[in-house]
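> Sequence plus predicted model, see below.
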Protein chains: 2
Amino acid sequence: MNIGIVGLGLIGGSLGLDLRSRGHRVLGVSRRQRTCEVAKERGIVDESDVELKLMASAEVVFICTPIASIAPTVKHLMVHLSPDAIITDVGSVKMPIVTAISPLWPNFVPGHPMAGTAQTGVDAALRNLFVDRPYVLTPTDTTPKSAVETIAQLAQSLGSQIYQCDPQTHDRAVSWISHLPVMVSASLLDACRQGETDVAVMELAKQLASSGFRDTSRVGGGNPELGVMMARYNRSELLRSLYAYRESLDDLIGDIEAENWPGIQQRLEATSQLRPEFTQGL
Amino acid sequence: MNIGIVGLGLIGGSLGLDLRSRGHRVLGVSRRQRTCEVAKERGIVDESDVELKLMASAEVVFICTPIASIAPTVKHLMVHLSPDAIITDVGSVKMPIVTAISPLWPNFVPGHPMAGTAQTGVDAALRNLFVDRPYVLTPTDTTPKSAVETIAQLAQSLGSQIYQCDPQTHDRAVSWISHLPVMVSASLLDACRQGETDVAVMELAKQLASSGFRDTSRVGGGNPELGVMMARYNRSELLRSLYAYRESLDDLIGDIEAENWPGIQQRLEATSQLRPEFTQGL
C-alpha cells in the first residue's frame, strides 16, 4: 500500500519505521527540509518532501501534526488526493477534529494511537512503539465501514490493541485517565509554589521529598504545551472531570475537618480497591 | 551501647539489624511472642521479650510502634528505665508526640527516619534501609543537647542524612511532600469512582489508563491506615496545605473556564521548572 505521513515527529516517524517494515511504501511530508532528510536517512520513509503534492499517490494518509494543525493540514492536502484516499489522524482529542474534518472528507477515520515517550521529533522515532498499546478509532455514523476496517488492519499490524467508540466517549475517557491527572498533579506543584509563606518549610520540603511526591508530581511537571493542548481542545470534558474531582476533594476536606476518621478509612479502602482496575497489565 | 527497640516491625526491625552490625547490644520488645522469636532468629536483636522490663538496662530506647501507641508505650516504659536513659521515636508526625511525651520524659528526642518499603512487619526488616535517607530530629528548647547529639550520631552511623528543625516545621514540610500528595491522589481515584455516570466511559478509561494515571494514583491507592494516620495526627497542617491546594485547583479551573491559554501556559511552565527542585537526587 502507498501510505502517506504528514508530520514526521515521534509518532509519524515511528509509524513510518513500522509501516515500511510491513512492506508498505511510505511517503513522508514535513515542513522542514532537515526532517525530510533525516527521515530518509533513518529509513522512516521511502520518499519525503516539504510539499503536500507528494501525497498524490497515497491510498491512506496519516496526519501526525500537532493537534492545532490537523484541520488546516487536511484542507491543504485535499486538493492533492485521489477522492477514494482515506485520511486518518493521531490527535489525542477527537471531538473538535471530527467536527472540523468529517464534513470535508467523507473517508476520514479519526484515530488515537496511545503511545509515546518523553522525547519529541524525528530523532525520537522508534520501532515497535505501538506494540501492546491502545489504538482508539472513533468513527461517526457516516464513516464508511471499509475505511474503518483498513485503518484497523494497519493498526493491528503495528501490534496495537484496537478500541472503537464514539468521539465523545473517547474524549471523556482520556480526560479521566490522562488530562485530569495532569491538572491534579500540576496543581500540587502550583500549591507548593504559591501556598507556603514560610520559606524554611518549603526548603525542608524540597530536601525531604521522596518517591511519593516524585510520582504524584510527574505528569504535572511535564511539557507545558501538552497541558495547554489538553485544556484547550478537550475543554468541556476536562472541566466536567475537574468539577467531579473538586467535589471528591471537598468531601475529603470536609471529612478531615469533621474528624470523620471512619469515613476517611472507608474512602481510602475504596480507592485502594479501585486502583488495580486501572493498572492491570501496566 | 545497650539499645532498646519497642516495636519490631519494618522500621524497628531494620534499626535492630543495622545497630547490632555497628556493635551495639540490642534489646527488643514486641507484643507478640512470635515476633520476638523471629527477631532473635533473624539477628535483629540480642534479646527479646514481650515485657517492657527488658528495657531496664537500655541507655537509648527507640519507640517504633504505630503512632497511636507511642505515648501510651512511653508511659508504661518509664517505670522500667534508668532516669538518664534517652527515649526517641520514629513517628511520621511530630507535634502531637512532642506535646504528649516531652512533659513526661525530659530526655526525649523526637525523630523521624524517612525510609520504608511497601511491606510491613518483622519479616520485612532490611539491612541498610536508612542509607542516604533523611533522618529528621525535632528537639524542643528544653531537649538536652547531649541527648540530641547521641541520637544524631546513631542516625549518622546508619548512613542517614540528618536534618534538625522544630516539630511544626517538620509537620508542615511532610504535609506538603507526603500527606498532601496522598489526599490529592486519593481524590483522583475517588472522582473516577463517583464522578462518572456513563459506565461505558469508565470501562474504556480503565482500559486506556497508562503510566500517567498509574503514577498519579499510586500513593492514593496505598495503605488506607497510613492515610487515616496522616489525616488524624497531622490534621491542622494537612488542612492548611489542602486549602492552598484547593486554591491552586480553583485558579486553574477558572483559567480553563475563561479560556486563558497564556495563563495556563505560564502556570505549567512554572510547575515544570519547580519540580526538579523536589526531585534532585531521586
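Structure's in. What do you need?

> Pretty sure A:Leu15 sits against A:Ile5.
Yes - in terms of Cβ atoms under 8 Å, A:Leu15 counts as a neighbour of A:Ile5; the distance is 5.9 Å. All C-beta atoms are positioned from the backbone trio N, CA, C, and that covers glycine.

> more neighbours, the two?
In this view A:Leu15 and A:Ile5 are compared by other Cβ atoms under 10 Å in any protein chain shown, and A:Ile5 has more residues nearby, 30 against 27.

> Does the more buried one belong to a helix, a strand or coil?
Following DSSP: H, G, I helix; E, B strand; the rest coil, A:Ile5 is assigned to strand.

> Now for the residue nearest to the spatial centre of chain A: which residues touch it?
Nearest to the mean C-alpha position of chain A, by Cα atoms, centre = their mean, lies A:Ser92 at 3.4 Å. Listed by Cβ atoms under 8 Å, 6 or more residues apart in numbering or on different chains, the contact partners of A:Ser92 are A:67, A:112, A:114, A:174, A:178, A:229-230.

> Show me whatever sits in contact with both of A:Leu15 and A:Ile5.
Counting by Cβ under 8 Å, 6+ apart, the residues touching both A:Leu15 and A:Ile5 are A:62, A:64.

> can you tell if stretch A:130-139 touches chain B?
Yes - interface with chain B: stretch A:130-139 contributes A:134, A:136 (Cβ under 8 Å from any Cβ of the partner chain).

> which of the residues in that stretch are buried?
With burial defined by 16 or more other Cβ atoms under 10 Å in any protein chain shown, the residues of stretch A:130-139 counted as buried are A:130, A:133-139.

> What are the contacting residues of it?
Contact with stretch A:130-139 is made by A:14-15, A:18, A:94, A:98, A:109-115, A:147-148, A:151-152, A:155, A:158-167, A:169-170, B:207-208, as judged by Cβ under 8 Å, 6+ apart.

> What subset of these is buried?
Buried, going by 16+ other Cβ under 10 Å: A:14-15, A:18, A:94, A:98, A:109-115, A:147-148, A:151-152, A:155, A:158, A:160-161, A:163, A:165-167, A:169-170, B:207-208, out of the contacts of stretch A:130-139.

> Restricted to strands, list the residues you listed.
In strands, defined here by DSSP state E, the members of these are A:109, A:111-113, A:161, A:163.

> Tell me which two of those sit farthest apart.
Using Cβ to Cβ, the pair of those lying farthest apart is A:Val109 and A:Gln161, separated by 16.9 Å.

> returning to that earlier point: filter the ones in strands among the buried ones among the contacts of stretch A:130-139 down to the ones close to chain B.
For chain B, the contacts drawn from those by Cβ under 8 Å from any Cβ are A:Tyr163.

> Wait, A:Val45 touches A:Leu8, no?
Yes - with contact defined as Cβ under 8 Å, A:Val45 reaches A:Leu8; the gap is 7.3 Å.

> tell me the contacts of A:Ile63?
A:Ile63 touches A:6-7, A:70, A:73-74, A:77, A:87-91, counting by Cβ under 8 Å, 6+ apart.

> Would you reformat these as a markdown table and include pLDDT?
Formatted as a markdown table, the contacts of A:Ile63 follow (pLDDT from 0 to 100):
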| residue | pLDDT |
| --- | --- |
| A:Val6 | 98 |
| A:Gly7 | 98 |
| A:Ile70 | 97 |
| A:Thr73 | 98 |
| A:Val74 | 98 |
| A:Leu77 | 98 |
| A:Ile87 | 98 |
| A:Thr88 | 98 |
| A:Asp89 | 98 |
| A:Val90 | 97 |
| A:Gly91 | 96 |
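
> Distance check, A:Pro167 against A:Val228.
21 Å (Cβ to Cβ, to the nearest Å).

> likewise A:Leu208?
Distance, A:Leu208 to A:Val228, using Cβ to Cβ: 31 Å.

> for A:Pro110, same thing?
21 Å.

> same question, A:Gln164
29 Å.

> re earlier: give me the phi and psi for the residue nearest to the centre of chain A.
When read as degrees, to the nearest 10, the backbone of A:Ser92 gives phi -90, psi 0.

> how about stretch A:159-175 as PDB, C-alpha atoms only?
Extracted as PDB, the C-alpha positions of stretch A:159-175 are listed here (Å, rounded to 0.1, in the frame of the first residue of the first chain):
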ATOM      1  CA  GLY A 159       0.800  -4.800  17.300                       C
ATOM      2  CA  SER A 160      -1.700  -2.400  18.900                       C
ATOM      3  CA  GLN A 161      -4.900  -3.200  20.800                       C
ATOM      4  CA  ILE A 162      -7.800  -1.700  18.800                       C
ATOM      5  CA  TYR A 163     -10.600   0.100  20.600                       C
ATOM      6  CA  GLN A 164     -13.600   1.600  18.800                       C
ATOM      7  CA  CYS A 165     -16.000   4.100  20.300                       C
ATOM      8  CA  ASP A 166     -17.700   7.400  19.500                       C
ATOM      9  CA  PRO A 167     -15.600  10.600  19.700                       C
ATOM     10  CA  GLN A 168     -17.200  11.900  22.900                       C
ATOM     11  CA  THR A 169     -16.700   8.600  24.800                       C
ATOM     12  CA  HIS A 170     -13.000   8.800  23.800                       C
ATOM     13  CA  ASP A 171     -12.600  12.400  24.900                       C
ATOM     14  CA  ARG A 172     -14.300  11.700  28.300                       C
ATOM     15  CA  ALA A 173     -12.200   8.600  28.900                       C
ATOM     16  CA  VAL A 174      -8.900  10.300  28.200                       C
ATOM     17  CA  SER A 175     -10.000  13.200  30.300                       C
END
